[in-house]
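Asks: could you look at this predicted model? Sequence included:
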Amino acid sequence: MKAFQIGNQQGLDSLTATTRPDPVAGPGEVLVAPRLVGLISRDVQLLRGVYGARQAPERIPTSEGVGEVIAVGAGVGNVKPGDRVVCGHFPSWLDGEFRPDVFAHDIGISHDGWLAERVVLPAAAVIQVPASLADQDVAALASAGLTAWNALVEVCKVKPGELVLCLGTGGVSLAALKLAKLRGARVAITSSSDEKLQIVRELGADITINYRQHPDWAAQLMALTDNGGADVIIETGGQDTLGQSIAAAAANARIAVIGVTPGQQSPIPNYLSLILKNVTIRGIANGSRKMFLELLRATAANRIETVISKTFKFADAPAAYAYFAAQQQVGKVLIEFG
């Protein structure tokens, strides 16, 4: 089979094409032919060597996609050849509370991912895609979509009328925008680009703030909300933005910290404000298979469509990475097979 591997992890040029024997589905496994794959921030971080420990150069990357079951191993009865399936990137997290050991099997990091003509996945983790959903609307849910669902629905329990603040216009923020509006919340979004802010307004954002024009964007949000602040904050900016997120928080706000984003500040900023506002800060690490099922049902029932920036052919995966890494797009960057 044709595949891409991460190489020496010295930069985007580390991504290299390779050819390998087709893998085989063992007991309790399924062999899947990817149809469409989505890129996320950690795919770029992995190639640059800044996402945790370095992985084997032979590792096949990418953590989210949709594909067709080609074969099943012994004991598999939940799916069959021909079924379209997706899979969360922590396949051992089927239900219940988060466990640290889910990182031991992380698709695209500790185990081979979707950027190959074939990928082997645990059968217990895969989910059959409803026929009503197109590939492009499920391929990019396993990371950004599922993380946003966990943050908003499971952890922060967003309510109608609350204000959700999303930092930036990346995949998690766009997914959070759609899910928050679906649940009757208002949404504020920050960006450095007026063009991107225009797009998110068209997608339903109620408040937009250009943080280059307003470096103290927390103060701007407070001014625009009569000092009410945000009830839920999707904090994807990392250590260097957490202080402003706390400043932008309403009383009893919930801040969901998402992603591995390098920063210069490590002590908790605005420490006193945490107490004065009774703010809760919670780290979010993707989600379980059960959450993914609920997300798929909501996507199908409400006809939620993924915002797509550009789709590349499998052979052009390096160009897809470069386009994504430039961070000029709004919407998902996808890689298609066939």
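Replies: Here it is on my side, so go on.

Asks: wait, what's in contact with H214?
Replies: Q220 (C-beta atoms under 8 Å, 6 or more residues apart in numbering). C-beta here means a position set from N, CA and C on the backbone, and glycine is covered the same way.

Asks: now it. Its backbone dihedrals?
Replies: Dihedral pair for H214: phi -130, psi 80, per degrees, to the nearest 10.

Asks: so it versus I234, what's the distance?
Replies: 18 Å (C-beta to C-beta, to the nearest Å).

Asks: now swap in W149 and tell me
Replies: 12 Å.

Asks: more neighbours, these two?
Replies: I234 (31 against 25; other C-beta atoms under 10 Å).

Asks: that one: what's it in contact with?
Replies: Neighbours of I234 in contact, by C-beta under 8 Å, 6+ apart: 148, 151-152, 164-167, 172-173, 176, 256, 258.

Asks: so which of the residues you listed is the closest to A3?
Replies: The closest of the contacts of I234 to A3 turns out to be V172 (C-beta to C-beta; 26.9 Å).

Asks: that closest one and I258, how far apart?
Replies: 6 Å.

Asks: now do the shared contacts for those two.
Replies: 147, 151, 234, 236.

Asks: out of these, list just those in strands.
Replies: If you go by DSSP state E, those have I234 in strands.

Asks: find the centremost residue of the chain, please.
Replies: Closest to where the C-alpha atoms of the chain average out (C-alpha atoms, centre = their mean) is A144, at 1.8 Å.

Asks: pLDDT at the closest residue to that one other than its chain neighbours, what is it?
Replies: Closest residue to A144 apart from its sequence neighbours, by C-beta to C-beta, 6 or more residues apart in numbering: G171 at 3.3 Å. The model reports G171 with a pLDDT of 91.

Asks: what's the burial count for G171?
Replies: With other C-beta under 10 Å as criterion, G171 counts 27.

Asks: residue contacts, it?
Replies: Per C-beta under 8 Å, 6+ apart, neighbours of G171: 38, 40-41, 140, 143-145, 332.

Asks: try 7 Å
Replies: Residues in contact with G171, defined by C-beta atoms under 7 Å, 6 or more residues apart in numbering, are 40, 140, 144, 332.

Asks: kindly report the same for V155.
Replies: 256, 282, 284.

Asks: pLDDT value on it, please?
Replies: V155 is given a pLDDT of 97.

Asks: may I have the phi/psi pair for it?
Replies: phi -90, psi -60.

Asks: for it, give its distance to I234.
Replies: In terms of C-beta to C-beta, V155 sits 11 Å off from I234.

Asks: equivalent analysis for D43, please.
Replies: Counting by C-beta to C-beta, the gap from D43 to I234 is 20 Å.

Asks: quick one: the residue nearest to the centre of the chain is in a strand?
Replies: No - assigned with DSSP: H, G, I helix; E, B strand; the rest coil, A144 falls outside any strand and is helix.

Asks: what does the pLDDT read for it?
Replies: Predicted confidence (pLDDT) for A144: 92.

Asks: does it touch V172 like I think?
Replies: Yes - the pair A144 / V172 is scored as a contact, 4.7 Å apart, by C-beta atoms under 7 Å.

Asks: for the helix or strand of the chain with the lowest mean pLDDT, packing partners?
Replies: Least confident helix or strand, the chain: helix 271-277 with a mean of 88, by mean pLDDT, DSSP states H and E. When contacts are defined as 3 or more C-beta pairs under 7 Å, 6 or more residues apart in numbering; DSSP states H and E, helix 271-277 packs onto helix 242-247, strand 249-258.

Asks: and the ones you listed, which one averages the lowest pLDDT?
Replies: Minimum mean pLDDT among these: helix 242-247, a mean of 93.

Asks: just the helices in the chain please.
Replies: Along the chain, the segments classed as helices by DSSP state H run 41-47, 146-149, 171-182, 194-202, 217-224, 242-247, 271-277, 289-302, 317-325.

Asks: Throw those into JSON lines and include distance to S63, thanks.
Replies: Converted to JSON lines, the helices of the chain look like this (distance: least, C-beta to C-beta, whole Å):
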{"stretch": "helix 41-47", "distance to S63": "7"}
{"stretch": "helix 146-149", "distance to S63": "10"}
{"stretch": "helix 171-182", "distance to S63": "12"}
{"stretch": "helix 194-202", "distance to S63": "24"}
{"stretch": "helix 217-224", "distance to S63": "30"}
{"stretch": "helix 242-247", "distance to S63": "25"}
{"stretch": "helix 271-277", "distance to S63": "32"}
{"stretch": "helix 289-302", "distance to S63": "13"}
{"stretch": "helix 317-325", "distance to S63": "13"}
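
Asks: most tightly surrounded among these?
Replies: helix 146-149 (a mean of 27; mean count of other C-beta atoms under 10 Å).

Asks: ok, residues contacting that one?
Replies: With C-beta under 7 Å, 6+ apart, helix 146-149 has contacts from 88, 172, 175-176, 179, 258, 284, 286-287, 291-292, 295.
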